[in-house]
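*Asks:* Would you be able to build a 3D model of this:
(chains A, B and C)
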Amino acid sequence: MREPETAALQCDADGRMRHLLDINGLSREQLDALLQRAQAFAESDADMRAVLAGIAVCTLFFEPSTRTRLSFQRAAQRLGADVLGFEAATSSTTKGETSLDTLKNIEAMGVRGFVVRAREDGAVAALAARVGEGTALVNAGDGRSAHPTQGLLDMLTLRQAKGADFSPLKVAIIGDIRHSRVARSDLHALRLLGAGEIRACGPASLLPNDDTLAGCIVTADADAAVEGADAVMLLRLQRERMEDGLVPSLEGYHRDYGLDVARLRRAAPDAVVLHPGPMNRGVEISDEVADGPQSLVLRQVANGVAVRMAVLEALLAPVSSPTRS
Amino acid sequence: MREPETAALQCDADGRMRHLLDINGLSREQLDALLQRAQAFAESDADMRAVLAGIAVCTLFFEPSTRTRLSFQRAAQRLGADVLGFEAATSSTTKGETSLDTLKNIEAMGVRGFVVRAREDGAVAALAARVGEGTALVNAGDGRSAHPTQGLLDMLTLRQAKGADFSPLKVAIIGDIRHSRVARSDLHALRLLGAGEIRACGPASLLPNDDTLAGCIVTADADAAVEGADAVMLLRLQRERMEDGLVPSLEGYHRDYGLDVARLRRAAPDAVVLHPGPMNRGVEISDEVADGPQSLVLRQVANGVAVRMAVLEALLAPVSSPTRS
Amino acid sequence: MREPETAALQCDADGRMRHLLDINGLSREQLDALLQRAQAFAESDADMRAVLAGIAVCTLFFEPSTRTRLSFQRAAQRLGADVLGFEAATSSTTKGETSLDTLKNIEAMGVRGFVVRAREDGAVAALAARVGEGTALVNAGDGRSAHPTQGLLDMLTLRQAKGADFSPLKVAIIGDIRHSRVARSDLHALRLLGAGEIRACGPASLLPNDDTLAGCIVTADADAAVEGADAVMLLRLQRERMEDGLVPSLEGYHRDYGLDVARLRRAAPDAVVLHPGPMNRGVEISDEVADGPQSLVLRQVANGVAVRMAVLEALLAPVSSPTRS
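*Replies:* You can find the predicted model right below:
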């Protein structure tokens, strides 16, 4: 994905967000505004169903993801939007239609917002380049590139736990960074928010061989990565990494990179643990840590709805909202 | 399923229903209140969309069941709830997440009500034991144990046909009682409402070998079971019973246990016929009986929506409702 | 499908439309009223959610079709209806229930409108013959017989482009007319609206051998069919036609019957191109034509929602609407 083009797609000439494709390309002000609005949604049970009343949003998933889809669906419902669902597995893409034709068709039905999950890097930006003026896309994960709402919800969760000033924070990201769009979005967001120290950890086979980790402390030693950390962000290990020979065994991975109580004790006493889910218990995280007092995993999920409300409002609400102004 | 624990989960210390897991454990008063409220819903077309407006309900089906799911969905819609659907077949449970993690995640998204269908006995109660204070579960069928809303809708249907006093009634339940959660819920409900005589009938291979039929007249003779009965409740014969060798043939089953016009003539002249659906026409019921004047099959379906509205209201409505007071 | 019976099912004794099964059987006045109302919906963004508020509509698809289903769903949403979805592939029809029992069950849940897609010719009419007084069915495509809302949306699209008087129009329909319900509905509608000249074109193996094309100019020469035409309506080529040996190759089909820029130049200078979608680009249509200025493909999709709103309103709205009066 060529960044200047994505950035130009994402924000119009006035700097207003038209699509959310990647945290890379957002300004610090845009990120702060989204987090602030999401925090307001997270704190409130108020009826917000007038915000997007009568506006249609389509979850357009070319790769299945029940949890992300439900989270966006719930966010759209809370804002009063009408939701349409399209999943490639059960659709006429089997009839050979291109994903662009599929999107243009649903757009022609009067749908204004699209939440798109795609297998290929840059696929959502490529679609965004072809839609009409009033149509907004949210990247719900494309290839290994970006999953910006996951990045936003992780930042909101960290802010709630550690305060808005990220400069004193030591954050460890552990796992399959090479194949992770979550890691890439977290890294962009952490840098934008000025995190003091970012440590990236994983076996060499799962670390990126490009400039993804520029400015990070990179290590293959999970104990060192966790040492004194304020936050440990774990990544899901896809089982196909084993089939690909990148990881020798689940047991070995857990021993070397999994977060259990003993390893977590090396972190700061008030360190918090994040995981994007779904968790492989006993692989990247032990049951005790997953269900323990330092785990913010369910808080992340709750924040996911709030963040997606903020994004959908910013992109689709007809009147100016706090996020937009 | 250990009954005292399920009962304790189902109702709080004040006796208020927190979840609906099993008719076993409800009081006569609770059952009557639910049926009375369901009757009001069944009689009225009034707009009830304010009752659960803004409240989210998830149908969480680890085993497929289109009809039960649609019935709950319609009930939730009539009460104005937002509905989210999760079906294991098309979801990330294939990613190895436990059903508890799935539920806790969707709960964290702000969903307050869960309609859960599970394969294992007691699975819904096990989940109910782990949810937060404000979250309510409805058992939409677990293993062979319970399908309480089916029991309720059958009772509502019987009451409409025969009046509220069940003491003079002779009720025959015919079919695969051993594997039937419907039969178990009907039996609990019939006992609680004081049905005069309960007859249980099926081939020995399909009768339970525990205390399920305590107090019932048990027979393998369908003619005897139907003789003078006021209501005949048929059960669906799962085709895998044949593969398991429990039933020699569909033809033989129909001859020995199927309800046709000739056999129905042995019942009381105003006897009614119930079936939980979907019907195997020509197996447990003949076309003539299924579509005949004594069949209440579609009335059961209509009552299903009313009963589920009553249950969802009782569990989720923010203000006190007739059912709760 | 025996036409007098379908017509009798479709309209009651007063000539009011009860179901929409086939354009064949509608009066010119009914067709005009539906198109006029659809035009109003197409032009307006007004909030129409009161029209069907509280009324439930089920999309009952015994054959998958994501786009048609989404279009009806969006139409129902815009009118404020509650939508339930049933797809045979993921449903208990695998439990051996008949499609009539399925429909009667969902009808018993209080659903008033059914949008039905079926594999067999006449299947929707057969269901319509068995539903209750207040229940309305819309045929969303049955076998090769009819797809009336596609016919309506094609006519609305032609009217917008060419005006309400169809008598001067030369319309070419090109492709697999034999197996096409779209072609049959378009032909009925074009005749009813008095199109001046209808040309039917395709290889002999894909032309019907009954009276479908009565009154049409029939040719196997696509250049001749397009010559001077005001509108070219293309049909989708199902890939199984090749497996069945009816079409030798995709390349040959494109050369002989596909619409590319060169062939389109034979048509009138302001000719318009329609396709029901999903398009096989490079087969029945070239990319340049599909995305060119004469293509109305996305306009058809937009009109689809408006037409379906008009149909659902006419069949289900409780108060008299412009369409009904």
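*Asks:* and whichever residue of the stretch 151-300 of chain A sits closest to chain C, how many neighbours?
*Replies:* At 21.9 Å from chain C, residue A:278 is the closest residue in the stretch 151-300 of chain A, using Cβ to the nearest Cβ. For the C-beta atoms, the positions are set from N, CA and C on the backbone; glycine is no exception. A total of 20 residues lie near residue A:278 under the criterion other Cβ atoms under 10 Å in any protein chain shown.
*Asks:* pretty sure it belongs to a strand, no?
*Replies:* No: if the criterion is DSSP: H, G, I helix; E, B strand; the rest coil, then residue A:278 is coil and not within a strand.
*Asks:* And the spatially closest residue to it that is not a sequence neighbour, how far from residue B:86?
*Replies:* Once flanking residues are discounted, residue A:278 sits nearest to residue B:97: 3.8 Å by Cβ to Cβ, 6 or more residues apart in numbering or on different chains. Distance, residue B:97 to residue B:86, using Cβ to Cβ, to the nearest Å: 11 Å.
*Asks:* what's the answer for residue A:8, then?
*Replies:* 38 Å.
*Asks:* For the spatially most central residue of chain A, report the pLDDT, please.
*Replies:* The geometric centre of chain A, computed from its C-alpha atoms, lies nearest to residue A:150 (Cα atoms, centre = their mean), at 1.8 Å. Residue A:150 is assigned a predicted lDDT (pLDDT) of 98.
*Asks:* Please verify my assumption that it contacts residue A:184.
*Replies:* No: Residue A:150 sits out of contact with residue A:184 when judged by Cβ atoms under 8 Å, with a separation of 10.0 Å.
*Asks:* Count the residues that sit near residue A:288.
*Replies:* Neighbour count of residue A:288, defined by other Cβ under 10 Å: 14.
*Asks:* Equivalent analysis for residue A:204, please.
*Replies:* Neighbour tally, residue A:204, other Cβ under 10 Å: 10.
*Asks:* where does it fall, phi/psi-wise?
*Replies:* Residue A:204 adopts backbone torsions of phi -50, psi -30, taken as degrees, to the nearest 10.
*Asks:* could you list every residue that touches the closest residue to it other than its chain neighbours?
*Replies:* Leaving aside its chain neighbours, residue A:204 sits nearest to residue A:220 (6.1 Å; criterion: Cβ to Cβ, 6+ apart). Contacts for residue A:220 (Cβ atoms under 8 Å, 6 or more residues apart in numbering or on different chains) come out as A:201-204, A:207.
*Asks:* of those, closest to chain B?
*Replies:* Distance to chain B, by Cβ to the nearest Cβ, is smallest for residue A:202 among these, at 19.8 Å.
*Asks:* I figured that closest one hits residue A:177, correct?
*Replies:* Yes: under the criterion of Cβ under 8 Å, residue A:202 makes contact with residue A:177 at 5.4 Å.
*Asks:* SS state for residue A:198?
*Replies:* Recorded secondary structure, residue A:198: strand (three-state DSSP).
*Asks:* what's downstream of the host helix or strand of residue A:73, the next helix or strand?
*Replies:* Using DSSP states H and E, residue A:73 sits in helix A:66-78. Next helix or strand after helix A:66-78 toward the C-terminus (DSSP H and E): strand A:82-87.
*Asks:* What residues of the longest helix seen in chain A count as buried?
*Replies:* Longest helix in chain A, counting residues (DSSP state H): helix A:297-316. By 16 or more other Cβ atoms under 10 Å in any protein chain shown, the buried positions in helix A:297-316 come out as A:297-316.
*Asks:* How about that helix and chain B, any contact?
*Replies:* Yes: contact of helix A:297-316 with chain B (Cβ under 8 Å from any Cβ of the partner chain) involves A:298-299, A:301-302, A:304-305.
*Asks:* can you tell me the average pLDDT over that helix?
*Replies:* Averaged across helix A:297-316, pLDDT comes to 98.
*Asks:* by how many degrees do that helix and helix A:66-78 diverge?
*Replies:* 50 degrees (axes from the mean of the first three to the mean of the last three Cα atoms, to 10 degrees).
*Asks:* For chain A, what lies in contact range of chain B?
*Replies:* So far as Cβ under 8 Å from any Cβ goes, chain A lies against chain B at A:47, A:49, A:64-67, A:70-71, A:73-74, A:77-78, A:87, A:89-90, A:239, A:277-281, A:298-299, A:301-302, A:304-305.
*Asks:* show me where the stretch 101-250 of chain A has helices.
*Replies:* Assigned by DSSP state H, counting those that start in this stretch, the stretch 101-250 of chain A shows helices spanning A:123-128, A:148-162, A:181-192, A:222-226, A:240-243, A:250-257.
*Asks:* thinking again about what came up before, and residue B:97 and residue B:86? which has more neighbours close in?
*Replies:* residue B:86 (24 against 20).
*Asks:* how close does that one get to chain C?
*Replies:* In this structure, residue B:86 and chain C are 13 Å apart, going by Cβ to the nearest Cβ, to the nearest Å.
*Asks:* can you pull the contacts of residue A:188?
*Replies:* Shown in contact with residue A:188 (Cβ under 8 Å, 6+ apart): A:22-24, A:146, A:151.
*Asks:* ChimeraX command to pick out the buried ones of these?
*Replies:* A single ChimeraX command is used to select the members of the contacts of residue A:188 judged buried by 16+ other Cβ under 10 Å:
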select /A:22,23,24,146,151
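*Asks:* Return the member of the contacts of residue A:188 nearest to chain B.
*Replies:* The closest of the contacts of residue A:188 to chain B turns out to be residue A:151 (Cβ to the nearest Cβ; 18.3 Å).
*Asks:* Residue A:182 is in contact with the closest one, correct?
*Replies:* Yes: with contact defined as Cβ under 8 Å, residue A:151 reaches residue A:182; the gap is 7.4 Å.
*Asks:* What score does residue A:4 have for pLDDT?
*Replies:* Note for residue A:4: predicted pLDDT of 57.
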